[in-house]
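Chemist: how would this look folded up:
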Amino acid sequence: MRRPAHPVAAAASGGARQRGDPLVYHVDSDIAGPAVAAAWKQLSLDEDTRDFVAQCQPSAFRDGMATLLRSVMSRTDANGIVGRGRMFVLSREQMRTIVPELRRETATPGSALLDIGSGDGSVTERFADLFERVVTTETSTVMARKLRARGWECVVPPAETIPQDRFQLITCFNVLDRADKPLSLLSELRERLCPETGKLVLAVVLPWCPFVE
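Modeler: Residues are numbered from 1 along each chain as shown. Prediction:
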């Protein structure tokens with residue numbers, strides 16, 4: 001059995017992995033420490049996750065087109081034009097496991113979601129309907145057009161700034177390693193949370209490998 005690159009994430013299955021089999025992970029509490037172990041919530045490979053994995057098929061045409069376009073634009077813009085690079089972080093039910101307050105079926109009046117680095121919105125859409133207002137951010141103008149086409153507000157930094165409002169939920173998925181000032185970003189997001197009740201949900205790619213376009 002081979003361990004993944006980060007020491008906290010350890011492969012849970014003991015048998016030899018076959019091509020196409022999903023990787024399964026658990027947290028080694030001896031390495032993570034008691035504080036992490038106490039807060040850890042194990043997420044299951046649910047139906048939405050399986051569906052995404054099944055749809056992740058390579059496309060030589062899209063890959064080739066994206067490579068050509070990257071000579072004249074950013075990687076994110078190129079991916080947005082050719083429909084490549086859709087992201088999956090959490091299913092709706094997995095988000096509800098982490099944030100139990102989302103165990104509702106309709107938007108709460110006055111509720112607001114802020115999603116940082118939304119891409120094409122494929123992650124945001126999984127729980128956007130649980131909020132009355134959805135604000136997204138995206139540095140790619142191509143992706144920003146897609147987000148606005150969904151009917152959401154979209155802030156394009158640095159020319160535009162996040163509204164001076166409070167949000168019940170802020171999500172920041174796979175963005176910190178793409179931010180030139182990640183600590184400043186975290187500080188700003190904290191200021192945008194509703195006092196006492198606001199939740200910030202982060203996802204970070206491991207091993208940590210910063211890259212700013």
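Chemist: please make it C-alpha for all contacts and neighbour counts, starting now.
Modeler: Fine.
Chemist: how close does P182 sit to R86?
Modeler: 23 Å (CA to CA, to the nearest Å).
Chemist: make that D63, sorry
Modeler: Applying CA to CA, the value for D63 to R86 is 13 Å.
Chemist: repeat that for S59.
Modeler: 13 Å.
Chemist: what's the answer for A32, then?
Modeler: Distance from A32 to R86, by CA to CA: 30 Å.
Chemist: low-confidence regions, the protein specifically.
Modeler: Flagging of the chain using pLDDT under 70 yields the residue ranges 1-26, 73, 80, 82-85, 213.
Chemist: repeat that for 90
Modeler: By pLDDT under 90, the weakly predicted segments of the chain are 1-45, 49-88, 140-143, 158-159, 178-180, 205-213.
Chemist: how about the strands in it?
Modeler: In the chain, the strands defined using DSSP state E lie at 9-11, 25-27, 108-116, 131-137, 153-155, 169-173, 199-203.
Chemist: want to throw the ones you listed into a markdown table with distance to S71 and mean neighbour count?
Modeler: Below are these laid out as a markdown table (distance: least, CA to CA, whole Å; neighbours: other CA atoms under 10 Å):
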| stretch | distance to S71 | mean neighbour count |
| --- | --- | --- |
| strand 9-11 | 36 | 17 |
| strand 25-27 | 37 | 16 |
| strand 108-116 | 26 | 19 |
| strand 131-137 | 24 | 20 |
| strand 153-155 | 26 | 22 |
| strand 169-173 | 26 | 22 |
| strand 199-203 | 29 | 15 |
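Chemist: can you redo the ones you listed as TSV with distance to A39?
Modeler: Below are the strands of the chain laid out as TSV (distance: least, CA to CA, whole Å):
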stretch	distance to A39
strand 9-11	15
strand 25-27	11
strand 108-116	23
strand 131-137	26
strand 153-155	32
strand 169-173	18
strand 199-203	13
